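Undergrad: sequence and predicted structure, then a few things I'm wondering about:
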Amino acid sequence: MGIDMKSNVKSKIVKTIIYIYLSLLAVVYLLPLVWMLFISLKNDKEIFTSPYGFPEKFMWENYTFAWTAGQLGTATLNSVIVCVTTLVFSMLIGAMAAFAIGRMKWKCSDLIMTYFMIGMMVPVHCVLIPLFKTFSKVGMYNNLVGLILPYLTFSLPMTIFILVGFFKSMPGELFEAACIDGANIYTCFFKVALPLSKTGLFVTGLMTFVNNWNELLLAMVFISDDAKKTLPVSLSKFVGPYNTNYTQMFAAIIIAIIPTIIVYCCFSNQIVDGLTAGAVKG
């Protein structure tokens, strides 16, 4: 009896410590977002006189100015076009490649997997100049297609890596039964493999969308026309060589990060479950 009581007390202490740690961690992550929100609702004077204080008056017009002056509507549409197109093609191509590597038996499967994994280790800075020169020659500079192609290329390795784990973890008996019933390779892929890998597709899709939504370097280098700039590039309009509109800039940043915050708040559990299943199994 005494041992059980000691064990229960010890378990409660451990849980309390974990909850305190997680609460502190949540505060650390949330404080910068709250501070940004307060800054976006202040005027220019309050930023320097009371940078960490509560706004004396909520300046909601900062968001109106940021939306119109920064052309965030057009920039948001461009980001949606680029990210959604990249998402669709990365899911389709990545799932097909992962299925071929994870479930089909052929000699070069391990070699191809290694090839894609090498792509995860190549930083974008190494290919920036060659891509710029190539796109300039073939007419894809200052074109949204010139963003979609590198976004797709850099999204595929992680997509394939995660989905291979999902496909390998599927019972082989399911595919054997499907083949006995007359299913071909395409039926096995679309009717058996894809429905069972919804979690993996969901996770890789979120990662692809969020990463490309926040990407700045390629979009800044390959796009010069204001009408084709994506959302992260449009934020740079608020920073000038001699003056910076801090309140409007922070308002624009809040607008830009709202979609990613909503996505993570709604689907955080699926992200964790999917990454665990895809990385551990197989």
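TA: Arrived safely, thanks for sending.
Undergrad: touching, residue 213 and residue 206? I think so.
TA: No - counting by Cβ atoms under 8 Å, residue 206 is not a contact partner of residue 213; they are 10.4 Å apart. For the C-beta atoms, the positions are set from N, CA and C on the backbone; glycine is no exception.
Undergrad: for the residue most central in space within the chain, what are its contacts?
TA: Centroid-nearest residue in the chain, with Cα atoms, centre = their mean: residue 210, separated by 2.4 Å. By Cβ atoms under 8 Å, 6 or more residues apart in numbering, the residues touching residue 210 are 260, 263-264.
Undergrad: out of those, who's nearest residue 160?
TA: Closest approach between those and residue 160, by Cβ to Cβ: residue 263, at 21.9 Å.
Undergrad: and that closest one, what does it touch?
TA: Counting by Cβ under 8 Å, 6+ apart, residue 263 has contacts 206, 209-210.
Undergrad: where in the stretch 151-282 of the chain is pLDDT low?
TA: Within the stretch 151-282 of the chain, the ranges that satisfy pLDDT under 70 run 240-243, 267-282.
Undergrad: where along it do the helices fall?
TA: Using DSSP state H, counting those that start in this stretch, the helices of the stretch 151-282 of the chain run over 172-180, 185-187, 194-196, 198-213, 217-222, 231-234, 246-280.
Undergrad: which of the ones you listed sits closest to residue 149?
TA: Using Cβ to Cβ, these put helix 217-222 closest to residue 149, at 9.8 Å.
Undergrad: setting aside sequence neighbours, what's the nearest residue to residue 83?
TA: Nearest residue to residue 83, sequence neighbours excluded (Cβ to Cβ, 6 or more residues apart in numbering): residue 212, at 4.7 Å.
Undergrad: what's that neighbour in contact with, if anything?
TA: 82-83, 86-87, 151, 155 are the contacts of residue 212 under Cβ under 8 Å, 6+ apart.
Undergrad: return the member of the contacts of residue 263 nearest to residue 122.
TA: For these, the nearest to residue 122 is residue 210 (20.4 Å; Cβ to Cβ).
Undergrad: list the contacts of residue 257.
TA: For residue 257, the contacting residues are residue 33, by Cβ under 8 Å, 6+ apart.
Undergrad: mind checking how far it is from residue 38?
TA: To residue 38, residue 257 is 15 Å away according to Cβ to Cβ, to the nearest Å.
Undergrad: next: residue 93.
TA: Distance of residue 93 to residue 38, given as Cβ to Cβ: 43 Å.
Undergrad: quick one: which of those two has more around it?
TA: Ranked by neighbour count (other Cβ atoms under 10 Å), residue 93 and residue 38 place residue 38 first, with 19 against 15.
Undergrad: can I assume the more buried one is in contact with residue 58?
TA: No - using Cβ under 8 Å, residue 38 is not in contact with residue 58; the gap is 9.7 Å.
Undergrad: packing partners of the longest helix along the chain?
TA: In the chain, taking DSSP state H as the definition, the longest helix is helix 2-40. Applying 3 or more Cβ pairs under 8 Å, 6 or more residues apart in numbering; DSSP states H and E, we find helix 2-40 packed against helix 246-280.
Undergrad: still on that earlier bit, now the contacts of residue 263 in a markdown table, with distance to residue 71?
TA: Below are these laid out as a markdown table (distance: Cβ to Cβ, whole Å):
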| residue | distance to residue 71 |
| --- | --- |
| 206 | 27 |
| 209 | 22 |
| 210 | 22 |
